[in-house]
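Student: Provided below for reference: sequence and predicted model.
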Amino acid sequence: TSMKVLNLPSLAFLSTKAPRIPSHASIHYNYLSRGSRVHRKPTLPASVHTNIVRRSSQSLNELQEWSPLSPEGGYALKKQILNEGTGKCIPLGSDVKVEYVGTLAGEDHWTVDDVECWLKNLQGLDQLAQSFRDNGVDGKILLDSTIFTEDFVSQTLRVSNRIQCKKLVMAAKRLSKQQLDFPAGMEFDSSAARGRSFEFRLGAGKAIKAYEIAISTMRLGERAKVIARADFCYGADGYRTREGQVVVPPFATLEFDLTVLSAEVA
C-alpha cells in the first residue's frame, strides 16, 4: 500500500536542543540495605519484567548492526551503512547534495533513555526521571494502556500527587494515539516527491541536527539509514505547515534513507 507523501518545506527548520545520550541497561530489582533497615525497590509485574529483559537482549543485538552517532557515543542518533562510499568523510563547510527519504520510525521501540528524554519535556515532571529509570519504563510500557495506568504510576513509580498521575497517563495516551494517526513507516518527505535533491552547506546550521552529524560521517556515494530521536530532529513541537497541518508529530523519532550525491569544499 502506498503511503501518502506530504509536501514539506525545507528540512532546515528543526529543533536544535542538545541531545541526551542513552545507554540501554538491563533491569535489576534488589533489596537495598540502609543501616538497620531494608528497603525493597518497587518492581513491575513478573511478566512485564521478563519482557523487559528479553527486549533488552534483543535491542543490544540489533544495536550491533548500527554505529552510534550521538556526540557522547549513544544510540539516540545512529547510522547503518547500506552502500559504501568512496574517499574520505565529508568535511564541514562542504556544499553537499543529498537524495533522501524521510519516514516516521515510531516510539514503541523507545529505550528507557528515550522515555526519560520525553519525560523531561513535560513541564513539572522531569523530577520523576529516576523512578522511570529504576523501573525500566521504556516505549512498550509507556504506550501500553493496560500497564501504564494511574495505579501503576502511583504504586510502582511512587507518584503520590494525583494531578501528576493523571497528567502522566494523559500524556502517554496522547503519544499512543499519535501512533495510530502517524504510524511507523509513514513517509513524510522525500527528494523524489519534491523532484529535486536537498542541497546545503554542511555545518552551517541549515539542516536538522541529525543531517549535520550523520552526513559528516559519510563518504561520496555512500547510502545509509539513519534513525534519529526527536531532539535531533523536530523536538517536542513537531513540525506543521504554514496552514497548520501536522507533518511530523511531537517527539517523533525519524528514519532517513540518505545518499550523498556530491560534495564540494566551499
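Tutor: Alright, I've got the coordinates. Residues are numbered from 1 along each chain as shown.

Student: So which residues of the stretch 151-266 of the chain form helices?
Tutor: Using DSSP state H, counting those that start in this stretch, the helices of the stretch 151-266 of the chain run over residues 162-181, 191-194, 209-215.

Student: buried ones in the second one?
Tutor: For helix 191-194, the buried set under the neighbour-count rule, 16 or more other Cβ atoms under 10 Å, comprises Ser191. Bear in mind the C-beta positions are built from the backbone N, C-alpha and C, glycine included.

Student: same check, this time on the last one
Tutor: Of the residues in helix 209-215, Lys209, Ala210, Tyr211, Glu212, Ile213, Ala214, Ile215 count as buried by neighbour count, 16+ other Cβ under 10 Å.

Student: tally of neighbours for the nearest residue to Ser176 once chain neighbours are set aside?
Tutor: For Ser176, ignoring the flanking residues on the chain, the nearest one in space by Cβ to Cβ, 6 or more residues apart in numbering is Leu143 at 4.7 Å. Residues lying near Leu143 (other Cβ atoms under 10 Å) number 21.

Student: Quickly note the distance from Leu143 to Gly235.
Tutor: Distance, Leu143 to Gly235, using Cβ to Cβ, to the nearest Å: 19 Å.

Student: quick one on the thing from earlier: which of the buried residues of helix 209-215 sits closest to Ala263?
Tutor: Nearest to Ala263 out of the buried residues of helix 209-215 is Ile215 (Cβ to Cβ; 8.5 Å).

Student: which residues does the closest one contact?
Tutor: Ile90, Val96, Val98, Leu202, Ala207, Leu258, Val260 (Cβ atoms under 8 Å, 6 or more residues apart in numbering).

Student: which one of those residues is nearest Arg242?
Tutor: Of these, the one sitting nearest to Arg242 (Cβ to Cβ) turns out to be Ala207, at 19.7 Å.

Student: ok, for that closest one, nearest residue in space, not its chain neighbours?
Tutor: Closest residue to Ala207 apart from its sequence neighbours, by Cβ to Cβ, 6+ apart: Phe200 at 4.9 Å.

Student: quick one: low-confidence ranges for the stretch 1-150 of the chain?
Tutor: 1-64 (pLDDT under 70).

Student: Going along the chain, name the strands of it.
Tutor: Under the criterion DSSP state E, counting those that start in this stretch, strands of the stretch 1-150 of the chain are mapped to 31-34, 37-40, 67-68, 77-83, 94-104.

Student: ok so, going back, any chance of the buried residues of helix 209-215 in a markdown table with distance to Arg174 and pLDDT as columns?
Tutor: Shown next, in a markdown table, are the buried residues of helix 209-215 (distance: Cβ to Cβ, whole Å; pLDDT from 0 to 100):
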| residue | distance to Arg174 | pLDDT |
| --- | --- | --- |
| Lys209 | 24 | 97 |
| Ala210 | 24 | 97 |
| Tyr211 | 28 | 97 |
| Glu212 | 30 | 97 |
| Ile213 | 29 | 97 |
| Ala214 | 29 | 97 |
| Ile215 | 33 | 98 |
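
Student: Nothing else from me, thank you.
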